[in-house]
Structures are given as C-alpha cells and as structure tokens.
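>>> Sequence and predicted model, in that order:
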Amino acid sequence: MGLFGKSKKKMPPPGPPMDVHWVTSPKGQFYNFLNLEPMDHDLSGKTGVYVIWLGGHWPEWLFIGRTDDLADTLQELQSDRAILRYEREGHIYATWAEIKPQFQAGVVQYLSQVIPPAIPNPNPPDEDEPPIAVFPPGIAPPPPI
C-alpha cells in the first residue's frame, strides 16, 4: 500500500522460477564442497553461478556468487575462513550452473532474496539489478501438467 512509502527491498518478478539444472554427481547427489576437485569437472574458464550451503541438523545457506572461472573461484573458496568455520557443524555442499554472464547478476540477486546466505558476498550484484527467478538447489520444478 502507498501509506508507508515505497519499500526499498526489491521483490522477485512475477512468474514461475526457471530450472537452471544445478549440477549434481552421477548419483544425483550434491557435491561435498571440501572434497570437490573443480579441475576434475572441467570448470576451468567456465562461467556461472554457484551456491554453497551447510547440511545437517541445522542446514544453512552459506554463500551465493557468480564467476567467470568456476574452477578458480571454487578452489579459492575451499580455503575461505568464513566458509570453513562451518565445517564443524556438518557437511558443506556446493553446486553450480553454467549461466550466461548477462543473466548471472539477476540470478544471484534473486537467490540472495529467497535463500539469504549467512556470508555476505563481497561483490554483490548492483542493487538495481532486476532479479531473475530460478529454483534454488534441491528444489525441483513441479511436474508438467
């Protein structure tokens, strides 16, 4: 309503989220982040969006980001203290989706709104970036009618 002014928080655009096909292992499971070998997955030079989270009794979304080189970024984050401090609380998982650079900021913007991460991204998308709705990792799109 217009009584309290316009909210500064952006709302996701209307419409159903898209399935970006988050990467899973051949067994259909998400990868243990600390055991992941990004070079084994041919991620060098691949651009995309990634999500890192804590599993276990108290699951928590940890970090959401975008990169021009998934291999370098994921390897770098495997030694990030802010992420590693969660290691004692459960398994840390990761996934990624190859997304064209022009859509990455919108996807990160949307995911950061619907599954807010515990660790702030030091390079977040511009606040004016329109969010692009996608299904978060582990949330499947509804079956076709």
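Structure's in. What do you need? Computed from a prediction, not measured in an experiment: that's the story for all the values here.
>>> where do the strands sit along the protein?
Ranges of strands in the chain, per DSSP state E, are 31-32, 48-54, 60-67, 92-97.
>>> Make CSV out of the ones you listed and add mean neighbour count, mean pLDDT and distance to His21.
C-beta here means a position set from N, CA and C on the backbone, and glycine is covered the same way. Shown next, in CSV, are those (neighbours: other CB atoms under 10 Å; pLDDT from 0 to 100; distance: least, CB to CB, whole Å):
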stretch, mean neighbour count, mean pLDDT, distance to His21
strand 31-32, 16, 97, 15
strand 48-54, 24, 98, 11
strand 60-67, 21, 98, 16
strand 92-97, 22, 98, 6
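>>> want to throw these into CSV with distance to Pro117?
What follows is the strands of the chain, written out as CSV (distance: least, CB to CB, whole Å):
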stretch, distance to Pro117
strand 31-32, 18
strand 48-54, 8
strand 60-67, 5
strand 92-97, 12
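>>> how about the ones you listed, which one is nearest Ile119?
Across the strands of the chain, Ile119 has its closest neighbour in strand 60-67 (4.7 Å, CB to CB).
>>> which residues touch that closest one?
47-54, 73, 77, 82-83, 86, 92, 99, 104-105, 107-108, 111-112, 115-119, 121, 123, 125 (CB atoms under 8 Å, 6 or more residues apart in numbering).
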